[in-house]
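Visitor: After the sequence you'll find the predicted model.
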Amino acid sequence: MFIGAHVLVYRLRRGRIFGSRGTAPTLLLTTTGRKSRRKRTTPLLYLRDGENMLVVATNDGSPHHPHWFRNLVATPRARVETHQGALDVEARTATGDERARLWPQLLAIYPNYERDRQGTERELPALILERRKNK
């Protein structure tokens, strides 16, 4: 219920309310359900890296990946909404070097990522959302 309300208010206010938590901006990520094929929208904190956006599949330190992450593994194409508008993206997991470069920046916007990382045995995937090129 809370996620649905968050998404509704975000869209109605064009990201101006619930658009960020502290210093970390929030986006809406719409994925395709891997089983249902339905569109699913999740609010997530994100980091800008040039033209790309980065999100972390923490699931609050749970031993299981969040559903949106599993949906992206099955179908990497997604839609992102920010206060600047919507765009189609392709998701990929950050490589070791990319992750090493970006992790300190992620911690700067949301230090609890470290708590989440320590609370689970799995590596928290950092996903790079790249704008899809029109062909």
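Guide: All right, it came through fine. Remember, predicted model here, so these are calculated numbers, not experimental data. Residues are numbered from 1 along each chain as shown.
Visitor: so what does the host helix or strand of residue 72 touch, helix or strand wise?
Guide: Assessed by DSSP states H and E, residue 72 sits inside helix 67-74. Packing partners of helix 67-74 (3 or more Cβ pairs under 8 Å, 6 or more residues apart in numbering; DSSP states H and E): strand 24-32, strand 39-45. Backbone N, C-alpha and C define where each C-beta goes, glycine included.
Visitor: Okay, buried residues for that helix please.
Guide: 67-69, 71-73 (16 or more other Cβ atoms under 10 Å).
Visitor: for the residue nearest to residue 69 when sequence neighbours are not counted, what are its contacts?
Guide: Nearest non-adjacent residue to residue 69, counting by Cβ to Cβ, 6 or more residues apart in numbering: residue 57, 3.8 Å away. Residue 57 makes contacts with 65-66, 68-69, 124-127, as judged by Cβ atoms under 8 Å, 6 or more residues apart in numbering.
Visitor: most surrounded residue in these?
Guide: Most neighbours among these, by other Cβ atoms under 10 Å: residue 127, with 25 neighbours.
Visitor: what's the helix or strand for that one?
Guide: Residue 127 belongs to strand 126-131, assigned by DSSP H and E.
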